[in-house]
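Student: Structure for this input, please:
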Amino acid sequence: MCQTFSLAFWDTRGYVFYRISLFMSIGDESSMSYLDFDDHDDDWHEPDGWRAGGFANMDMSELLTAARQGSLSVDAIEEIASFHLEKNNFEDALSFLEVLTELVPYSADVWERSGMVLNNLGRYEKALEAFETAEGLNPGDIELLINKAITLDNLGDVDGALACFESVLAMEPDNDEALFNLGVTLEHGASYRRAIHIFLEIVDRNPEHKDAWYELGYCYDIANSLDEALRCYDRALNLAPFNHNAWYNRGIVLGRMGANRKAIESYDFAIAIKEDFSSAWYNMGNSYAHLRCFDEAIHCFRRTIEMDPMDAQSWHNLGNAFEESQQYSEAVQAYTKSLSLQPRNSESLFGRGTAYESLGDYLNALKDYTVAVQLSPDNVELWYAKADIEFELGRIGAALRSFDRILTLMPSNAAAWVDYADICIEAELYEEAVNAATTAIGLGDRLPEAYYFLVLACMELNRTEDALNAYRLYRSIAPDGLDSDGFPLPDPPGFWKLKSSLEQRGNS
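Tutor: Numbering: from 1, shown residues only. Predicted coordinates:
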């Protein structure tokens, strides 16, 4: 029995997905207005040490204590909070904003800013509470409603977010920020066609909207419109050529199109912009593997592992690349590391088993295959690997039991019945071999091996006439004596008698 096994590299990693929102750009002065508190005193001036530039050199815990004790003015606390927001020190900013919510509890701006910070910290339920408090104080504020909708989306409340965005658009139909985030929320709800309609409306009004082109690329790819996806990513990159996420997603699209060399070029650009982009290294490794450039693939997977040594998938794919390049000992080591991180991974067990088998370590190979089929009992390829190694080890009974499972999973596969006939002959189960070969022939694939094993089984059973008929059909299908893969089938003792009998009948 001879069975060829193929190693499966892990799927390409998913898209880098981001959204544009007010709170995501909280430290950007061009997109952020500072709080304007009702009790602001234009004549108030703190000493120079209180100015933003001096906060970095001051003990924040002491400042916070002073703020809580009432030793600092509202304006000073607001300025400290703004300083931390500019530096993206969200935890520190939140501490001072919490003091402000106690001092000026009726300031919608303070509650809104608190919600924005909580959003950035991923505390979405608390953020929603802050936004709802702000909304009660300042109902109808457009930016506040947009941020509330984004928070609802982050909480998984897609319907609530959509309703909130739609209320904003009812007040301001031309609000691009609300329209854009509405499209993103539709993506989260898997309404990709509706999202495409939204983003097309945005780019129709503003062809320079790079983020809408980016999201269009994502939606078209999910909708399997790969040419359109590529076109949209190209438009996004024309507007923002240093967007490493767009280069990365473009590479995924090209990979799906089978253009692996072009995909590698895109991943290269992403890595040139962001060298520690581990997913780009990983996907580039897969693209090299598909091109059978395994040395390059090994390099990419090693780079991924350098950035994340606990990444089981990268260790697995490194094992695959080593195995494909016939570095079997290294493959075993890589698979073993992957399995230490993900012990119930049948694919890694399968890969390590084939590497052991290539090293001639059949017992360890069988151990891995045995565990793998327990984890993936419907994987025919695993059962085949197990049956093959059992056959090689002379464990014919075990191989037959494995084939029982194979034939249960794929009863209409003629090649499997042929392999079963081969094992039955080895086990001297000639009647079963006849039945298996006859079943394979009945499936209509006209495999030379089916007739060949039928001849052998009939000869062992002394069914000369049946053997002669089977031999006649065998020679008509394979006059050159080759199997379905083009390899010669040996003539065992006794074939010459059948050949002679056939020739005599032809001459009579």
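
Student: I'd like the next helix or strand past the helix or strand of the chain with the lowest mean pLDDT.
Tutor: Ranked by mean pLDDT, DSSP states H and E, the weakest helix or strand in the chain is helix 52-55, scoring a mean of 51. For helix 52-55, the following helix or strand on the C-terminal side (DSSP states H and E) is helix 60-68.

Student: then that next one to CSV, C-alphas only?
Tutor: Extracted in CSV, the C-alpha atoms of helix 60-68 (Å, rounded to 0.1, in the frame of the first residue of the first chain):
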residue,chain,number,x,y,z
MET,A,60,1.4,62.7,39.7
SER,A,61,0.3,61.0,42.9
GLU,A,62,0.9,64.2,44.8
LEU,A,63,-1.0,66.2,42.2
LEU,A,64,-3.9,63.7,42.4
THR,A,65,-4.0,63.9,46.2
ALA,A,66,-4.0,67.7,46.0
ALA,A,67,-6.8,67.6,43.4
ARG,A,68,-8.9,65.3,45.6
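
Student: Can you mark which positions in the helix or strand containing Glu166 are buried?
Tutor: Assigned by DSSP H and E, Glu166 falls within helix 158-171. By neighbour count on 16 or more other C-beta atoms under 10 Å, the buried set for helix 158-171 is 158, 160-162, 164-165, 168. (C-beta placed from N, C-alpha, C; glycine too.)

Student: Show me what it is packed up against.
Tutor: Applying 3 or more C-beta pairs under 8 Å, 6 or more residues apart in numbering; DSSP states H and E, we find helix 158-171 packed against helix 142-154, helix 176-188.

Student: Which residues does the helix or strand following the last one contact?
Tutor: The reference is to helix 176-188. With elements assigned by DSSP H and E, the helix or strand that comes after helix 176-188 is helix 192-205. With contact meaning C-beta atoms under 8 Å, 6 or more residues apart in numbering, helix 192-205 is reached by 174, 176, 179-180, 182-184, 186-187, 209, 212-213, 215-216, 219-220, 222-223, 235.

Student: where does the stretch 251-400 of the chain dip in pLDDT?
Tutor: In the prediction, the stretch 251-400 of the chain carries no residues with pLDDT under 70.

Student: Helices along that one, start to end?
Tutor: Applying DSSP state H, counting those that start in this stretch to the stretch 251-400 of the chain gives helices spanning 260-273, 278-290, 294-307, 312-324, 328-341, 346-358, 362-375, 380-392, 396-409.

Student: The fifth one to helix 346-358, inter-axis angle?
Tutor: Between the axis of helix 328-341 and that of helix 346-358 there is an angle of 150 degrees, by axes from the mean of the first three to the mean of the last three C-alpha atoms, to 10 degrees.

Student: same check, this time on the first one
Tutor: Orientation of helix 260-273 against helix 346-358 (the same axes, to 10 degrees) gives an angle of 110 degrees.

Student: I'd like to know which elements helix 260-273 is packed against.
Tutor: helix 244-256, helix 278-290.

Student: List the buried residues of it.
Tutor: 260, 262-267, 269-271, 273.

Student: next one: the fourth one
Tutor: Applying a neighbour-count criterion of 16+ other C-beta under 10 Å, one finds 312-324 buried in helix 312-324.

Student: and which of those residues is nearest to Ile298?
Tutor: Ala321 (4.8 Å; C-beta to C-beta).

Student: Let me see the contact set for the closest residue to that closest one other than its chain neighbours.
Tutor: Distance criterion C-beta to C-beta, 6 or more residues apart in numbering; nearest residue to Ala321, sequence neighbours excluded, is Ala297 at 4.3 Å. Applying C-beta under 8 Å, 6+ apart to Ala297 gives the contacts 285-286, 288-289, 317, 321.

Student: Cross-check the contact I'm expecting between Glu323 and Tyr356.
Tutor: No: with contact defined as C-beta atoms under 8 Å, Glu323 does not count as touching Tyr356 (10.5 Å).

Student: For Tyr369, give its distance to Pro207.
Tutor: Counting by C-beta to C-beta, to the nearest Å, the gap between Tyr369 and Pro207 amounts to 57 Å.

Student: no no, Phe242
Tutor: Taking C-beta to C-beta, one finds Phe242 at 20 Å from Pro207.

Student: Equivalent analysis for Glu215, please.
Tutor: In terms of C-beta to C-beta, Glu215 sits 15 Å off from Pro207.

Student: Between those two, which is the more surrounded one?
Tutor: Between Glu215 and Pro207, counting by other C-beta atoms under 10 Å, Glu215 is the more crowded of the two (28 against 12).

Student: Please identify which helix or strand holds that one.
Tutor: Here Glu215, judged by DSSP H and E, is contained in helix 210-222.

Student: Determine the set of other helices and strands touching that helix.
Tutor: Using 3+ C-beta pairs under 8 Å, 6+ apart: helix 210-222 touches helix 176-188, helix 192-205, helix 226-239, helix 244-256.

Student: ok, now with 6 Å
Tutor: Where contact means 3 or more C-beta pairs under 6 Å, 6 or more residues apart in numbering; DSSP states H and E, helix 210-222 is packed against helix 192-205, helix 226-239.

Student: For the first one, what does the pLDDT average out to?
Tutor: Just to be clear, that refers to helix 192-205. If you average the pLDDT over helix 192-205, you get 96.

Student: Over to the last one?
Tutor: Averaging the model's pLDDT scores along helix 226-239 yields 97.

Student: that older thread, save the helices and strands packed on helix 260-273 as TSV, and put in mean neighbour count and distance to Lys386 too.
Tutor: Output for the helices and strands packed on helix 260-273, formatted as TSV (neighbours: other C-beta atoms under 10 Å; distance: least, C-beta to C-beta, whole Å):
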stretch	mean neighbour count	distance to Lys386
helix 244-256	24	32
helix 278-290	24	25
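
Student: could I get those helices as a markdown table with distance to Ser71?
Tutor: Shown next, in a markdown table, are the helices and strands packed on helix 260-273 (distance: least, C-beta to C-beta, whole Å):
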| stretch | distance to Ser71 |
| --- | --- |
| helix 244-256 | 45 |
| helix 278-290 | 47 |
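
Student: Of all those, which one is nearest Ile80?
Tutor: helix 244-256 (33.4 Å).

Student: distance between the closest one and the chain's centre?
Tutor: On the basis of C-alpha atoms, centre = their mean, to the nearest Å, helix 244-256 is displaced by 13 Å from the centre of the chain it belongs to.

Student: where's Leu456 relative to Glu98, distance?
Tutor: Taking C-beta to C-beta, one finds Leu456 at 85 Å from Glu98.

Student: ok, the two, which is more surrounded?
Tutor: Set Leu456 next to Glu98 and count neighbours by other C-beta under 10 Å: Leu456 wins out with 22 against 17.

Student: List phi and psi for the more buried one.
Tutor: Main-chain dihedrals, Leu456, degrees, to the nearest 10: phi -60, psi -50.

Student: So for Leu363, what's the nearest residue that isn't a sequence neighbour?
Tutor: Per C-beta to C-beta, 6+ apart, closest to Leu363 is Leu393, 7.7 Å.

Student: Return the distance of the one you found relative to Asp276.
Tutor: 47 Å.

Student: higher neighbour count, the two?
Tutor: Leu393 (14 against 11).

Student: For the more buried one, give me phi and psi.
Tutor: Dihedral angles for Leu393 - degrees, to the nearest 10 - are phi -80, psi 0.

Student: begin at 51 from here
Tutor: Understood, numbering begins at 51; the last thing we discussed is Leu443.

Student: Could you report the separation of it from Phe453?
Tutor: 15 Å.

Student: Likewise for Phe230?
Tutor: In this view, Phe230 and Phe453 are 58 Å apart by C-beta to C-beta.

Student: Gly172 too?
Tutor: Taken as C-beta to C-beta, the span from Gly172 to Phe453 is 52 Å.

Student: and what of Tyr406?
Tutor: 22 Å.

Student: which one of the two has more residues nearby?
Tutor: Between Tyr406 and Phe453, counted using other C-beta under 10 Å, the more crowded position is Phe453 (26 against 23).
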